[in-house]
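Asks: I need the structure of the sequence given here:
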Amino acid sequence: MSRPPHAERSGPGGTVRDIDVEEIVVPAGRRQLRGIAELATSIREVGLLHPITVTRERRLVAGFHRLTACRSLGWKKIPALMLSLG
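Replies: Numbering: from 1, shown residues only. Now for the predicted structure:
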């Protein structure tokens, strides 16, 4: 499924840009997924209000439920805050 591209923007914590969902590395030990269908419905109707957070190496820091919901919607790209660490 297609969605409008997200405008890239920079802030004090990093840069928000669209990245390929297939590039994101999800670390082990994430909490159990719940409510993904409901979240996917909300994202389909309203949009993704908050980007996920990843490192420059595309390692997921926050947003596992949002990422899973967007994948279930067939998204190929997702807005992500790319952290600027050290």
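Asks: what's the distance between L39 and T15?
Replies: Look at L39 and T15: by C-beta to C-beta, to the nearest Å, they are 25 Å apart. The C-beta positions use only the backbone N, C-alpha and C, and glycine is treated the same way.
Asks: same check, this time on R71
Replies: Taken as C-beta to C-beta, the span from R71 to T15 is 22 Å.
Asks: phi, psi of the one residue sitting closest to the centre of the chain?
Replies: Nearest to the geometric centre of the chain sits I52, at 3.5 Å (C-alpha atoms, centre = their mean). Note on I52: backbone dihedrals following degrees, to the nearest 10 are phi -70, psi 170.
Asks: sorry, back to before: more crowded one of L39 and T15?
Replies: More neighbours surround L39 than the other of L39 and T15, with 19 against 14 (other C-beta atoms under 10 Å).
Asks: contacting residues around the nearest residue to the more buried one once chain neighbours are set aside?
Replies: For L39, ignoring the flanking residues on the chain, the nearest one in space by C-beta to C-beta, 6 or more residues apart in numbering is A69 at 4.2 Å. By C-beta atoms under 8 Å, 6 or more residues apart in numbering, A69 lies in contact with 36, 39-40, 43.
Asks: Ok, M82 next?
Replies: Here M82 is in contact with 14-17, 19, 54-56 (criterion: C-beta under 8 Å, 6+ apart).
Asks: sorry, back to before: distance of the residue nearest to L39 from E57?
Replies: Distance from A69 to E57, counting by C-beta to C-beta: 23 Å.
Asks: before we move on, what about R17?
Replies: For R17 relative to E57 (C-beta to C-beta), the value is 15 Å.
Asks: among the contacts of M82, which are in strands?
Replies: 14-17, 19, 54 (DSSP state E).
Asks: which pair in those residues spans the largest distance?
Replies: G14 and I19 (12.1 Å; C-beta to C-beta).
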